[in-house]
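S.K.: Pasting the sequence and the predicted coordinates here, then a few questions.
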Amino acid sequence: MAVDPPDERRSFLKLVTAGLGALTAGLAVIPGLGFLAAPGLGFLAAPPRGRAGAPGGSPLRVAGERDVKPNRPLHVTAVGPHDDAWLRLDKITLGSCWLVRAAEDGPIRAFSTVCPHLGCGVDYDEMTGRFNCPCHTSAFDLDGRCLSGPSPRGLDELETHVEGRDVLVRYQRFRVGTAKREPIG
Amino acid sequence: MSAERAAEKKATTTRDGTLRGWLADRIGLEELERTIRAGQVPGGASFWHTLGSVAAGLFVLEAITGIFLATAYTPSVTGAWASVAYIQDQMTLGWFVRGVHSFGSSALIVVSGLHLLQVMLFGAYRRPRELNWMVGLALFAMVAVFALSGYLLPWDQKGYWAKLVEATIAGSAPLVGATAQRLIQGGASFGTMTLTRAYALHAMALPAVLTALVVFHVYLFRRHGYTPKWSLSTEAAAARAVPAWPDQAFRNAVVGVLAWGVVGVAVIARHGAPLESPADPTSSYLARPEWYALPLFQLRMFFEGPLEIIATMVIPGIVTALAFALPFLDGGATNHPRDRRRVLTAGALGLLALTVLAVTALAKDARDPAYAKARAEEKARTETARRLALAGVPADGNVLRNDPMYHAREIWDERCAGCHGLAGAGGEKGPDLKGYNSRAWIRGFLANPEGALYMGPAKIEKGMRPVEATPEETDALVEYLYAETGAPDADTGKAGRGRDLLSPKDCDTCHDFDGEGENDGPNLKGRGTPKWVAGVIADAGHPLLFTDRNKMPKFRGKLTAQEIDEMTRFVIDLKAK
């Protein structure tokens, strides 16, 4: 059957029309995808603003040195400045940690409360003397070692030191779910 | 197996084993295709018929960009401007996405308006399409409400004040006004609920209702079809009919791409939509509505006081009612313009009136120096706010807090204003620092050091005596002191002559000039430089400064080094004020 000339023309028109439609849709969607990627994908992201005292930056006072008793883990919060998208916050709770000290006047260690398994907050159980994750029952000893449960690594230790009468902690977050510890943010 | 069961089985199994066949069975692909293919354009495809589709396309563009924007926008008094500034200035292509959304809305209004005019010209509102004309008018009104509600969302000066005026106009309506205003505002006055309501309306309610209306509009259009040009008889139009797909669709796509191109070029040329400084309810902002509302704005100018309602409600109300009633008022025998002179004349006059009103409003502002000044001031405020927002916006939404001078002003109010003046009215216990160390300030000081604007309020025993000199000598002394402040525009020759006068005028009895000698009065070397000012703030009683006659408290230890730096800059900046 011979192709009718108008039919041939119409097939071409259909193709061009579909192309123009796709072009306009693409022009609307593609810049939007760049926009969506902005905060997440490094190669498209705006340059970081950078600011003194950003999380993981300067050490924050979390407790008095004498408040930390031997073998009595102390739950403390890290409050400090934080940049979050357009927000510039001077004082916000960045997270919390457990302060642990083995002996009177002994060194103080700080463990993030973020469970390395899936990010729930670990609690201290006085009966067993262990840190327990309420979500998936990982258990950790006072040195942060994982004793049981699905956690791929021990509790994340935070850099800490005593300055005068204050305990200072450099608060940081780490990627969860991995055996290796990787800082994020 | 019964025959019934067999028939049922046949209907639910794949006809030819392909995915297409499977889908065709389930969603009725063939009927859909038939419906699409059945669309005919009597009288042939035409660019006249493209406008409705292009408007629909622009609406889709608004929806897409709107969803993207919603992923980064926050509707709150403290966060709205900050998030929009972040989109505009920091997110990848944020300015572009926002620009397309904003300019696209203008394009949508233009194209919808043109579509309306085309329908009017072709008589396409006439029987049996009366209802679709009314649905179209409702759509047009909703597009306007869309634009007006979106306008507020950035919570910048422009949006805030325009919306405030609109809410007040709504409040002036008889009987329901107060309630309407409360509903718009989400309370007795403008606040966070104003924003959340506008946002819910703009991003949820309107899209849903508009989409439903568009579907109905298109359904009615498909039912009644295209209205061919008036010059064609029904038979002639039918003879020339072509399939809408692809003949008309192609033209729609061409004009659609063109409209998109215009929007895109405008966005790039102007680097996106404007974003003014954050809404400041305490400012006296010169509010102007967006272009599409200018005719109404100008109309209001002709009606003062209690008559205002004529411009804001009565005239727009009558015009709207007439527009909706148009299909029933027409009365023309055919679609030919000749038979519809009254309608078309009224339409043309209406369009002319809108244009004249808008142009009048624009021309008046263009001639008005007060308008230009207000715009320039807003531009400066905008630049400051946008620059400061690059460092992030504090949680209270006050971006000016990022400015060290804002902090300095707070310190000034708390620590300095008790003794010093800043308004040129004199201080309580110290000099007024308005224009401090400008030539005028120095001249006034030399003429009357113990005057109310200078050291008078400090009540220093055996203070400085007025300088007695000829006008030329005074000029030279002023220039000498002005040059010591490090002013780049000082006349060094004249300043040198002033320096030579220090001994003849007995200044050296109390002052040294070398930066080392201690005396009753301050050593004048580098007096007024940032280092010197910082020294005065830190400890004005220093032997090189005001020595034991000093009455100003020491601020070293009370202010941090950084705060002293900020205060120094604050004081230095006073020279130019």
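M.R.: Looks like it arrived, so ask away.

S.K.: Next one, pLDDT for the residue in chain B that chain A sits nearest to please.
M.R.: At 2.9 Å from chain A, residue B:392 is the closest residue in chain B, using Cβ to the nearest Cβ. Using the backbone N, CA and C atoms, a C-beta is placed for each residue, glycine as well. With respect to pLDDT, residue B:392 scores 91.

S.K.: Report the secondary structure element holding the residue nearest to residue B:186 when sequence neighbours are not counted.
M.R.: Nearest residue to residue B:186, sequence neighbours excluded (Cβ to Cβ, 6 or more residues apart in numbering or on different chains): residue B:193, at 2.8 Å. Using DSSP states H and E, residue B:193 sits in helix B:192-200.

S.K.: And the contacts of that helix?
M.R.: For helix B:192-200, contacts defined as Cβ atoms under 8 Å, 6 or more residues apart in numbering or on different chains pick out B:73, B:75-77, B:80, B:149, B:152-153, B:155, B:163, B:167, B:183-187.

S.K.: Between the residues you listed, identify the one with the most neighbours.
M.R.: residue B:152 (29 neighbours; other Cβ atoms under 10 Å in any protein chain shown).

S.K.: Identify the residues contacting residue B:357.
M.R.: B:294, B:295, B:296, B:298, B:299.

S.K.: how about low-confidence regions in the chain?
M.R.: Using chain A here. A:1-5, A:38-56, A:185 (pLDDT under 70).

S.K.: think we crossed wires, I meant chain B
M.R.: Scanning chain B with the threshold set as pLDDT under 70 gives B:1-16.

S.K.: in chain A, which strand has the most residues?
M.R.: The strand spanning the most residues in chain A, taking DSSP state E as the definition, is strand A:87-101.

S.K.: Just the CA atoms of the next helix or strand after that strand, as CSV, please.
M.R.: Note on strand A:87-101: by DSSP H and E, the next helix or strand toward the C-terminus is strand A:108-112. Only the C-alpha atoms of strand A:108-112 are listed here, as CSV (Å, rounded to 0.1, in the frame of the first residue of the first chain):
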residue,chain,number,x,y,z
ILE,A,108,37.2,10.8,81.1
ARG,A,109,36.0,9.3,77.8
ALA,A,110,33.0,10.4,75.8
PHE,A,111,30.9,8.1,73.6
SER,A,112,28.3,9.3,71.2
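
S.K.: Run the chain-centre distance for strand A:108-112.
M.R.: Distance of strand A:108-112 from the chain centroid (Cα atoms, centre = their mean, to the nearest Å) equals 18 Å.

S.K.: Does residue B:497 touch residue B:476 like I think?
M.R.: Yes - with contacts counted by Cβ atoms under 8 Å, residue B:497 reaches residue B:476, the gap being 4.3 Å.

S.K.: Spatially nearest residue to residue A:166, not counting backbone neighbours?
M.R.: Using Cβ to Cβ, 6+ apart and skipping the chain neighbours, the partner closest in space to residue A:166 is residue A:61 (4.7 Å).

S.K.: Strands of chain A, residue ranges please.
M.R.: With DSSP E as the criterion, chain A has strands spanning A:60-64, A:74-84, A:87-101, A:108-112, A:123-125, A:130-132, A:139-140, A:146-148, A:157-163, A:166-170, A:173-174, A:183-184.

S.K.: Now mean neighbour count too, for the ones you listed, in a markdown table please.
M.R.: What follows is these, written out as a markdown table (neighbours: other Cβ atoms under 10 Å in any protein chain shown):
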| stretch | mean neighbour count |
| --- | --- |
| strand A:60-64 | 19 |
| strand A:74-84 | 18 |
| strand A:87-101 | 19 |
| strand A:108-112 | 22 |
| strand A:123-125 | 15 |
| strand A:130-132 | 21 |
| strand A:139-140 | 21 |
| strand A:146-148 | 15 |
| strand A:157-163 | 15 |
| strand A:166-170 | 20 |
| strand A:173-174 | 18 |
| strand A:183-184 | 10 |
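
S.K.: Give me the distance between residue A:102 and residue A:123.
M.R.: For residue A:102, the distance to residue A:123 equals 20 Å [Cβ to Cβ, to the nearest Å].

S.K.: typo on my end, it should be residue A:64
M.R.: According to Cβ to Cβ, residue A:64 stands 23 Å off from residue A:123.

S.K.: And for residue B:452?
M.R.: 68 Å.

S.K.: swap in residue B:327?
M.R.: Using Cβ to Cβ, residue B:327 is found at 72 Å from residue A:123.

S.K.: now do residue B:350
M.R.: Counting by Cβ to Cβ, the gap from residue B:350 to residue A:123 is 72 Å.

S.K.: ditto for residue A:85
M.R.: Distance from residue A:85 to residue A:123, counting by Cβ to Cβ: 31 Å.

S.K.: Residue A:10 now?
M.R.: Here the criterion is Cβ to Cβ. By it, residue A:10 lies 71 Å from residue A:123.

S.K.: number of nearby residues for residue A:136?
M.R.: Neighbours around residue A:136, by other Cβ under 10 Å: 12.

S.K.: mind listing what it touches?
M.R.: Applying Cβ under 8 Å, 6+ apart to residue A:136 gives the contacts A:115, A:117, A:118, A:120, A:149, A:150, A:151.

S.K.: Burial check on the residue nearest to residue B:186, number of neighbours?
M.R.: Applying other Cβ under 10 Å, we find 14 residues neighbouring residue B:193.

S.K.: again with residue B:475
M.R.: Quick note: residue B:475 (other Cβ under 10 Å) scores 17 neighbours.

S.K.: Confirm that it lies within a helix, as I assumed.
M.R.: Yes - counting by DSSP: H, G, I helix; E, B strand; the rest coil, residue B:475 is part of a helix.

S.K.: what's near enough to touch the nearest residue to it once chain neighbours are set aside?
M.R.: Leaving aside its sequence neighbours, residue B:475 sits nearest to residue B:494 (Cβ to Cβ, 6+ apart; 6.8 Å). Residues in contact with residue B:494, defined by Cβ under 8 Å, 6+ apart, are B:475, B:476, B:479, B:480.

S.K.: Of the residues you listed, which is the most crowded?
M.R.: Result: residue B:480 is most packed of those (other Cβ under 10 Å), 25 neighbours.

S.K.: element containing it, please.
M.R.: Assigned by DSSP H and E, residue B:480 falls in helix B:471-484.

S.K.: quick check, distance from the helix or strand following that helix to the centre of its chain.
M.R.: Later in the chain than helix B:471-484, the nearest helix or strand by DSSP H and E is helix B:492-500. Computed by Cα atoms, centre = their mean, the chain-centroid distance of helix B:492-500 equals 51 Å.

S.K.: Buried ones in helix B:492-500, by neighbour count?
M.R.: B:494, B:495, B:497, B:498, B:499 (16 or more other Cβ atoms under 10 Å in any protein chain shown).

S.K.: How about stretch B:249-267?
M.R.: Buried residues in stretch B:249-267 (16+ other Cβ under 10 Å): B:249-257, B:259-260, B:263-264, B:266-267.

S.K.: now do stretch A:21-32
M.R.: Applying 16+ other Cβ under 10 Å to stretch A:21-32 flags A:21, A:24, A:27, A:28, A:31, A:32 as buried.

S.K.: Just send the residues you listed back as CSV, with distance to residue B:277 too.
M.R.: Below are the buried residues of stretch A:21-32 laid out as CSV (distance: Cβ to Cβ, whole Å):
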residue, distance to residue B:277
A:21, 40
A:24, 34
A:27, 31
A:28, 30
A:31, 26
A:32, 27
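
S.K.: Contacting chain B as well, which ones from those residues?
M.R.: A:21, A:24, A:27, A:28, A:31, A:32 (Cβ under 8 Å from any Cβ of the partner chain).

S.K.: Could I get the contacting residues of the fifth one?
M.R.: Under the criterion of Cβ under 8 Å, 6+ apart, the neighbours of residue A:31 are B:93, B:96, B:97, B:100.

S.K.: For chain A, tell me which of the residues you listed show up nearby.
M.R.: Answer for these near chain A (Cβ under 8 Å from any Cβ): B:93, B:96, B:97, B:100.

S.K.: Hmm, residue A:34 and the first one touching each other?
M.R.: If I follow you right, that is residue B:93. Yes - under the criterion of Cβ under 8 Å, residue B:93 makes contact with residue A:34 at 4.5 Å.
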